[in-house]
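A.B. asks: Requesting a structural model of the entry that follows:
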Amino acid sequence: MLPSLEPVDLTRYPLHEPGSPRWAAAVRAAREALDSDGCAVLPGFVLASYQGRLRAEGERIAPLAHHESRVVNVYNTEPDPALPADHPARVPLQRGNAFVARDRIPATGLIHRLYPDPAFRAFLAACVDVPELHELADPLAGLCLNVVADGRSHPWHFDTNEIAISLLTRAPEQGGIFEYVPGIRSADAENTAEVAAVLAGEGGDRVRRLRLRPGDLQLFRGRYSLHRVTQVRGATARHTAIFSYSGRPGVVGSAERTRQLFGRVLPAHGGPRSVRVDGLMD
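C.D. replies: From the prediction side, this is the model:
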């Protein structure tokens, strides 16, 4: 067994035994949850004996997060006055969370070792029913730690990557609920009217709510599902490791969005965005 898999509860999630009956059962359960709920939670993915270390590693790097409080829109794009007044891109949202970029997460950390692990990626690919998952080519956004402190939230948004996999490493005292609307758009349709309805508080029963626990792994189709983290309350910030993958190699975030999230860009973000999974706004 590779050291990168040591934190994983391999009894419940035998990543090291692909195709085995227990591996197949775990994959089947995740697929059924994704099909029915648009999201799969693998509870206790990280062993209880490693959760303290996981939390401590996150606490050490949290001060390296880029903090930015600004008004954004649901697509994280610049305002376009040419759009109709009722377009969701014209709805202002206050974002107040922070991210630690991949290049500031120690290579020896549990999450940094797990992210590129072939057995981990193969298991996740099977769970989301795709032939293969690739690490993002983005040197900052492929793996990051999301930090949401007291009074802050991560407003409604879509992900750049198709599949979002996250691991809660520290739970807040109050708030920090994950809310999402599965499949509200597709690669061929923005469905702006439905997005606008959710932003107006009219999502109704379409909006799902999850209170995650430390060590829980979440699989989520974040490119096409609107989602947010509600306001956190209390001295304990919410920490989440975000593992970002794509069904295609070479995916890199836009310079604009990268600067918003991490406060900087690298040469990789300056070239043409030739490898994209769709033509959506972002």
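A.B. asks: Grab the nearest non-local neighbour of P155.
C.D. replies: In space, and not counting its chain neighbours, P155 is closest to L93: 3.9 Å by C-beta to C-beta, 6 or more residues apart in numbering. The C-beta positions use only the backbone N, C-alpha and C, and glycine is treated the same way.
A.B. asks: pLDDT value on the one you found, please?
C.D. replies: According to the predicted model, the pLDDT of L93 comes to 92.
A.B. asks: With D205 instead?
C.D. replies: pLDDT for D205: 92.
A.B. asks: Over to V275?
C.D. replies: In this model, V275 is scored at 50, pLDDT.
A.B. asks: before we move on, what about H134?
C.D. replies: Confidence at H134, expressed as pLDDT, is 90.
A.B. asks: Okay, buried residues for the helix or strand where A125 lies please.
C.D. replies: When elements are defined using DSSP states H and E, A125 is found to belong to helix 118-127. Residues of helix 118-127 classed as buried: 119-127 (neighbour count, 16 or more other C-beta atoms under 10 Å).
A.B. asks: With pLDDT and distance to G183 added, can I get these in JSON lines?
C.D. replies: Output for the buried residues of helix 118-127, formatted as JSON lines (pLDDT from 0 to 100; distance: C-beta to C-beta, whole Å):
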{"residue": "A119", "pLDDT": "97", "distance to G183": "29"}
{"residue": "F120", "pLDDT": "97", "distance to G183": "25"}
{"residue": "R121", "pLDDT": "96", "distance to G183": "23"}
{"residue": "A122", "pLDDT": "97", "distance to G183": "25"}
{"residue": "F123", "pLDDT": "98", "distance to G183": "23"}
{"residue": "L124", "pLDDT": "97", "distance to G183": "19"}
{"residue": "A125", "pLDDT": "96", "distance to G183": "20"}
{"residue": "A126", "pLDDT": "97", "distance to G183": "20"}
{"residue": "C127", "pLDDT": "97", "distance to G183": "17"}
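A.B. asks: now, which of those sits nearest L145?
C.D. replies: F120 (17.3 Å; C-beta to C-beta).
A.B. asks: need the contact list for P116.
C.D. replies: E135 (C-beta atoms under 8 Å, 6 or more residues apart in numbering).
A.B. asks: for A30, same thing?
C.D. replies: Residues 40, 42, 127-128, 219 are the ones in contact with A30 under the rule C-beta under 8 Å, 6+ apart.
A.B. asks: For the helix or strand that contains it, list the C-alpha coordinates in PDB.
C.D. replies: Using DSSP H and E, A30 maps to helix 21-37. In PDB, the C-alpha atoms belonging to helix 21-37 read as follows (Å, rounded to 0.1, in the frame of the first residue of the first chain):
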ATOM      1  CA  PRO A  21     -16.400  -6.700  -4.200                       C
ATOM      2  CA  ARG A  22     -15.900  -4.100  -1.400                       C
ATOM      3  CA  TRP A  23     -14.400  -1.600  -3.900                       C
ATOM      4  CA  ALA A  24     -17.300  -2.200  -6.300                       C
ATOM      5  CA  ALA A  25     -19.900  -1.800  -3.600                       C
ATOM      6  CA  ALA A  26     -18.400   1.600  -2.500                       C
ATOM      7  CA  VAL A  27     -18.400   2.700  -6.100                       C
ATOM      8  CA  ARG A  28     -21.900   1.600  -6.700                       C
ATOM      9  CA  ALA A  29     -23.100   3.500  -3.600                       C
ATOM     10  CA  ALA A  30     -21.400   6.700  -4.700                       C
ATOM     11  CA  ARG A  31     -22.900   6.400  -8.200                       C
ATOM     12  CA  GLU A  32     -26.400   5.800  -6.800                       C
ATOM     13  CA  ALA A  33     -26.100   8.900  -4.600                       C
ATOM     14  CA  LEU A  34     -24.800  11.000  -7.500                       C
ATOM     15  CA  ASP A  35     -27.700   9.800  -9.700                       C
ATOM     16  CA  SER A  36     -30.400  10.500  -7.100                       C
ATOM     17  CA  ASP A  37     -29.000  13.500  -5.200                       C
END
